[in-house]
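Asker: What would the 3D arrangement of this be:
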Amino acid sequence: MDSNVTSTGGSKNYVIEPEKSALKIILSIICSIAAALVGYYCYLPALNPKAPELWIYLIGVVISFVLFLSIFSGATKKPEYGPYVRRKSIVPVIIVGALALIAGIGFLAGSTFLRAVPHSELLNVNVHAEEEFVKFIRPADAASFNNVPRLDEDSARQLANKALSDLGDADTVSQYTIYPMFTQINYREKPVRVVPLQYADLIKWFTNTSRGLPGYIIIDMASEETHFQRLPDGQFIRYSPAEHFGRLLKRHLRFQFPTFLFGDATFDIDNDGNPYWITPRLDNTLGLFGGTDVIGVVITKADSPTGESHYYTIDDLRDKDEFRWISRVFSSSLLIKQFNFHGKLHSGFWNSILGQREVRVATEGVNYIAMYDDVFLYSGVTSSTADQSIIGFLLINQRTKDANFYRVGGATERAAMGSAEGMVAHMQYKATFPLLVNVAGQPTYFMALKDVRNNNQIVQQFALVNVKDFNKVRATGVTVSETFRLYNAVLAENGLANNQSPGAIPDDGTEVISGTIADIRTQLIGGNSMYYINLTDSKVWYRISAAEYENVVLLSKGSKIKILVEKAVGNILSIIEFQ
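Answerer: As a prediction, the model looks like this:
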């Protein structure tokens, strides 16, 4: 045992060195290197100074040396070795301080406080008047309304679980569950969600990983149909974000592209149904950590035995038609963040807090619109002082980042949801987050009304609510076509129909029924008089709006009637025409 004496201001400090101190320092270094290798394998930091996790990783490695030295020197059990460890920790502490200082300076250099205006320029937003909105959003007609998404993510998740359980394949049902992160894409001009699988637990991963995941689920967001797409014989998905060890997608890509900053991978399929993982490559364009943007993507063939991956720049994705099947490159969270930077920081940091001149931000929540073979993120936009009103809409192409703002005033999505729920308050239905549609030239919120009691997530009705007059111009119905007809009638009543043809209505299938009225009743729903008609020897009630067909008020018990109704199952069906 060696001891050294240091003197400071007349006082003496005894530093006791443990036996074989040099060996213990070497062992501490070796263990730190081992910890660094294990940490890199688990933490997977990008070897890039713009990656925050790299700085955390490096600081952790240096601190691990001090911890190992404390253990090997015996300082954790013998306090007399503490001064020795503290003396040997001076250099590591200086290194940690230097790393923290550099990272801190890099953070400040890219902060919104110092770089407000450059942050506001990350997203280029084209501003349009209201009339441009009705040109860009195609008017709702028979074709477009049949492709309007009717489900939200929660309902889609429930359908995916049901689709998996209904397979009848005991191995598939028991071994796999759905992967919780899945997004809406545009597949063959239809809005769908493609849902990858994951192993039910680690044991099932060990027993199945040699083969892989057998397929994925497709959910049609408009028709609510689900389909399990099993891959061809001999093909399986072997790399995914839910895998382990070398099959983990992020680890697989990190070893191929060690300097890349990656965003969250999304599952996508091309027009032939071939599965891919789309992983965005990020870059921090301001300072070390500020101004995050996407500069390219790594496309991984999901059913490739080797995890075949290729990198493409953003220009490649925008300019080459072969990549038009890719639905999402820019995540909704990144796009909304960039828009809020654009709306708040264009006049400087302090204006975003104090003066708030022309400050605007996205409303809470987003939805997705499939148009022109792409998927557009939609959100309302409100001013800094607005409560229940918006000043316009934001539409951003998730493949190209082309952003458009349309000046349309009206209600926020939450206010419209409350209006729709108020129309069916006695049913206690909950509205899904609205989708923006164009009905007769009127910006309109479309939403499903769900029975969420007992966590059923079952869609029971639909609602259309006018953006500008959300408490008056609105309608609900059991089917989309009925809701569409009733809403058009309300538009006509308020002089807003814009020559919309009543025949431009989705056709869900119809049949003609004749009979004698056995009973007739009325109910006021959302300001509309609804008539319910029961025919002799029938248990079904047929519903029709007096606003749409005013002659219905002349009907009474005993009247003979011939009606055109929607083909559907239920005790209450909608009348399309009557005579």
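Asker: can I see the domain layout of this protein?
Answerer: Following automatic domain parsing, one gets these domains for the chain: 2-109, 147-329, 413-493, 510-578.
Asker: which of those sits most buried?
Answerer: Scoring these by mean neighbour count under mean count of other CB atoms under 10 Å gives domain 413-493 as the most buried, with a mean of 21. Using the backbone N, CA and C atoms, a C-beta is placed for each residue, glycine as well.
Asker: now it, how far from the chain's geometric center?
Answerer: Averaging C-alpha coordinates over domain 413-493 and over its chain gives two centres that are 22 Å apart (CA atoms, centre = their mean, to the nearest Å).
Asker: pLDDT on it, on average?
Answerer: Across domain 413-493, pLDDT averages out at 86.
Asker: packing partners for the strand or helix carrying P196?
Answerer: Element membership for P196 (DSSP states H and E) is strand 190-199. Strand 190-199 makes packing contacts with helix 153-165, strand 176-178, strand 184-187, strand 215-220, strand 266-269, strand 367-371 when contacts are defined by 3 or more CB pairs under 8 Å, 6 or more residues apart in numbering; DSSP states H and E.
Asker: Using a markdown table, lay out the ones you listed together with distance to A75 and mean pLDDT.
Answerer: Formatted as a markdown table, the entries for the helices and strands packed on strand 190-199 read as follows, by distance: least, CB to CB, whole Å; pLDDT from 0 to 100:
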| stretch | distance to A75 | mean pLDDT |
| --- | --- | --- |
| helix 153-165 | 52 | 81 |
| strand 176-178 | 48 | 85 |
| strand 184-187 | 57 | 84 |
| strand 215-220 | 54 | 89 |
| strand 266-269 | 49 | 92 |
| strand 367-371 | 57 | 84 |
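Asker: got CSV for the ones you listed, with distance to Y445 too?
Answerer: Below are the helices and strands packed on strand 190-199 laid out as CSV (distance: least, CB to CB, whole Å):
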stretch, distance to Y445
helix 153-165, 17
strand 176-178, 29
strand 184-187, 18
strand 215-220, 22
strand 266-269, 26
strand 367-371, 10
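Asker: quick one: which of those is nearest D316?
Answerer: Nearest to D316 among these is strand 266-269 (15.7 Å), distances taken as CB to CB.
Asker: Please state the offset of the closest one from the chain centre?
Answerer: Worked out by CA atoms, centre = their mean, strand 266-269 lies 13 Å from the chain centre.
Asker: partners of it in the sheet?
Answerer: With DSSP bridges as the criterion, the sheet partners recorded for strand 266-269 are strand 275-286 (antiparallel).
Asker: What average pLDDT does the partner strand get?
Answerer: For strand 275-286, mean pLDDT is 95.
Asker: Could the C-alpha coordinates of the helix or strand that that strand is followed by be exported in CSV?
Answerer: Past strand 275-286, heading to the C-terminal end, the next element that is a helix or strand (DSSP H and E) is strand 290-301. Only the C-alpha atoms of strand 290-301 are listed here, as CSV (Å, rounded to 0.1, in the frame of the first residue of the first chain):
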residue,chain,number,x,y,z
GLY,A,290,-31.7,22.3,-33.9
GLY,A,291,-33.6,22.5,-37.1
THR,A,292,-34.3,18.8,-37.5
ASP,A,293,-35.4,17.8,-41.0
VAL,A,294,-35.5,14.8,-43.3
ILE,A,295,-32.9,14.6,-46.0
GLY,A,296,-33.5,11.1,-47.3
VAL,A,297,-34.8,7.6,-46.5
VAL,A,298,-33.5,4.1,-46.2
ILE,A,299,-35.9,1.6,-47.9
THR,A,300,-35.6,-1.9,-46.5
LYS,A,301,-37.3,-4.8,-48.3
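Asker: Give me the helices and strands touching strand 290-301, please.
Answerer: helix 116-120, helix 249-256, strand 275-286, strand 309-313, helix 314-319, helix 332-345.
Asker: strand partners of whichever helix or strand comes after the second one, parallel vs antiparallel please.
Answerer: Spelled out, that is helix 249-256. For helix 249-256, the following helix or strand on the C-terminal side (DSSP H and E) is strand 261-262. Paired with strand 261-262 in the same sheet, following DSSP bridges, are strand 275-286 (antiparallel).
Asker: picking that back up, among the helices and strands packed on strand 190-199, which comes closest to V91?
Answerer: With distances scored as CB to CB, the stretch of the helices and strands packed on strand 190-199 nearest to V91 is strand 266-269 (44.3 Å).
Asker: before we move on, the earlier item: between the helices and strands packed on strand 290-301, which one is nearest to E482?
Answerer: In this view, these are compared for proximity to E482 by CB to CB, and helix 332-345 is the closest at 31.4 Å.
Asker: what's the average pLDDT for the helix or strand following the closest one?
Answerer: As assigned by DSSP H and E, the chain's next helix or strand after helix 332-345 is helix 349-353. Per-residue pLDDT over helix 349-353 has a mean of 86.
Asker: C-terminal to helix 349-353, which secondary structure element comes first?
Answerer: For helix 349-353, the succeeding helix or strand toward the C-terminus, using DSSP H and E, is strand 360-362.
Asker: just to revisit the earlier point, can the domains of the chain go into TSV with extra columns for distance to K344?
Answerer: Compiled in TSV, the domains of the chain are given as follows (distance: least, CB to CB, whole Å):
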stretch	distance to K344
domain 2-109	19
domain 147-329	15
domain 413-493	20
domain 510-578	37
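Asker: and these, which one's lowest on average pLDDT?
Answerer: If you rank the domains of the chain by mean pLDDT, domain 510-578 sits at the bottom with a mean of 76.
Asker: and the gap between S545 and R318?
Answerer: Using CB to CB, to the nearest Å, we find S545 at a distance of 47 Å from R318.
Asker: Next: I102.
Answerer: For I102, the distance to R318 equals 35 Å [CB to CB].
Asker: what's the answer for R115, then?
Answerer: As defined by CB to CB, R115 lies at a distance of 26 Å from R318.
Asker: And for T177?
Answerer: 36 Å.
Asker: ok, now N438?
Answerer: Taken as CB to CB, the span from N438 to R318 is 26 Å.
Asker: what bridges to I369?
Answerer: F376.
Asker: My read is that it contacts F446, right?
Answerer: No. If you go by CB atoms under 8 Å, I369 and F446 don't touch, sitting 10.4 Å apart.
Asker: any common contacting residues for those two?
Answerer: With contacts defined as CB atoms under 8 Å, 6 or more residues apart in numbering, the residues shared by I369 and F446 are L435, L436.
Asker: Report the buried residues of stretch 377-388.
Answerer: Within stretch 377-388, the residues that qualify as buried are L377, Y378, S379, G380, V381, T382, S383, A386, counting by 16 or more other CB atoms under 10 Å.
Asker: Strands - which of those residues land there?
Answerer: Cross-referencing the buried residues of stretch 377-388 against strands under DSSP state E gives L377, Y378, S379, G380, V381, T382, S383.
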